[in-house]
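Novice: Test case, fold it:
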Amino acid sequence: MDHAPLSDGEFRQFRELIHRIAGISLSEAKKPLVSGRLSKRLRQHALPSYGAYFQRLQRDQGELQMAVDLLTTNETYFFREPKHFDFLRERLAQADGWQRPLRVWSGACSSGEEPYSIALVLAEALGGRPWEILASDISQRVLQQASTGHYPLEDASGIPRPLLLQHCLKGVGQHAGQFTVTPALRTRMQFRQINLNAALPDLGLFDVIFLRNVMIYFDADTKRQVVQRLLAHLRPGGYFLVSHSESLNGITDALRVVKPSIYRKPSA
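Specialist: Numbers count the residues shown, from 1 in each chain. Modelled structure (predicted):
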């Protein structure tokens, strides 16, 4: 059945919902995106309007998670903003002699390209020394995809060839046209649903936190709250990375700028 177009009032309801749950601020220009991404769910449930779908979300947690997934999915790819991975590689080359595992958190991992890029760098730079990665996102759907480590072969173009050959496997049979990250890397990675806009679970301390290409969707107050939550889990002397289009200026004074988009928590 056809359904009524998304009204301004209904759009306002969805804007308030996604801001309350995920901290994301949708501009007026995002109305077509909301309409387009949710339209198939209205057809799936044979609902006459977006208002009726909004009412369903109030009583159906599974459908609410589906709506959140659809409205928070963002573009990502391997070795996006490569200067960050160059920086990580350089710092790891200078580090020496620790016994505990190096811990890195990819705070908005989407479909996994960022944490797998980090894993490839750590495997290259650290050799047999211990490391582990926490990869989190609010979307269950992209986390399920990320945890498989399977990607189309064309997505491998951004991976340096030596790392691709050493740590990735070309798919055969039903996985033809795909590649997968080796189990040796995947076993050091934990994929976990975490809402950065809510109280965080007990995650321990991290040496590096990536929070890239997500704060552009937050208003100033939400940015401050999210960064404050994450900094409680950053080890003194640890690094906090945002995207090149983002800045922590006016968001926190607890970090020192190392380079644009790269910050460090003072050791003392």
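Novice: So G23 sits against F218, correct?
Specialist: Yes - using CB atoms under 8 Å, G23 and F218 qualify as a contacting pair, with a distance of 5.2 Å. Quick note: C-beta positions are derived from backbone N, CA and C, even for glycine.
Novice: Between these two, which contacts overlap?
Specialist: Taking CB atoms under 8 Å, 6 or more residues apart in numbering as the criterion, G23 and F218 both touch V226.
Novice: Can you give me the pLDDT of the most centrally placed residue in the chain?
Specialist: The residue lying closest to the centre of the chain (CA atoms, centre = their mean) is A108, at 1.8 Å. Here, the pLDDT recorded for A108 equals 93.
Novice: And for the residue lying closest to it once chain neighbours are set aside, the neighbour number?
Specialist: Nearest residue to A108, sequence neighbours excluded (CB to CB, 6 or more residues apart in numbering): V214, at 3.9 Å. Using other CB atoms under 10 Å, the number of residues around V214 comes to 25.
Novice: just use 27 as the starting number from now, easier for me
Specialist: With the count now opening at 27, the last piece we talked about shows up as V240.
Novice: Check what pLDDT V240 gets.
Specialist: Reported pLDDT for V240: 88.
Novice: Angles on the backbone of it, please.
Specialist: Note on V240: its backbone torsions stand at phi -130, psi -30 [degrees, to the nearest 10].
Novice: Verify the contact between it and G133 for me.
Specialist: Yes - judged on CB under 8 Å, V240 makes contact with G133 at a distance of 7.2 Å.
Novice: what's the overlap in contacts for the two?
Specialist: What both V240 and G133 touch, as defined by CB under 8 Å, 6+ apart, is the set L222.
Novice: Let me see the ranges of the helices in this structure.
Specialist: Secondary structure of the chain (DSSP state H): helices located at 34-48, 57-70, 76-83, 87-98, 108-120, 139-152, 166-174, 187-193, 209-212, 246-257.
Novice: got the angle between the first one and helix 76-83?
Specialist: When axes from the mean of the first three to the mean of the last three CA atoms, to 10 degrees is applied, the directions of helix 34-48 and helix 76-83 differ by 30 degrees.
Novice: same deal with the fifth one?
Specialist: Helix 108-120 and helix 76-83 meet at an angle of 30 degrees, taking the same axes, to 10 degrees as the criterion.
Novice: I'd like to check what contacts helix 108-120. Which residues are they?
Specialist: So helix 108-120 is in contact with 105, 128, 143-144, 147-148, 150-152, 234, 236, 238, 265, 267, 270, 285, 287-288, going by CB under 8 Å, 6+ apart.
Novice: Could you do the shortest one as well?
Specialist: Contacts of helix 209-212 with the rest of the structure, by CB under 8 Å, 6+ apart, involve 142, 145-146, 149, 173, 175, 193.
Novice: can you check the last one too?
Specialist: Outside helix 246-257, the residues within contact range by CB under 8 Å, 6+ apart are 45, 49, 51, 131, 133, 222-223, 225-226, 235, 237, 241, 244, 266, 274, 276-278, 280-281, 291.
Novice: Tell me which entries of those residues lie within strands.
Specialist: 131, 235, 266 (DSSP state E).
Novice: Between those, identify the one with the most neighbours.
Specialist: W131 leads these on contacts (other CB under 10 Å) with 29 neighbours.
Novice: Give the bridge partners for that residue, please.
Specialist: L160, I235 (DSSP bridges).
Novice: Can you tell me how far it is from E42?
Specialist: As judged by CB to CB, to the nearest Å, W131 and E42 stand 29 Å apart.
Novice: go on, A55?
Specialist: Distance of A55 to E42, given as CB to CB: 17 Å.
Novice: swap in G62?
Specialist: Counting by CB to CB - G62 and E42 are separated by 19 Å.
Novice: swap in K66?
Specialist: Distance, K66 to E42, by CB to CB: 22 Å.
Novice: Read off the pLDDT value for Q171.
Specialist: 92.
Novice: list the contacts for it?
Specialist: Counted by CB under 8 Å, 6+ apart, Q171 has contacts 137-138.
Novice: And I185, by the same measure?
Specialist: By CB under 8 Å, 6+ apart, the neighbours of I185 are 104-105, 143, 146, 194.
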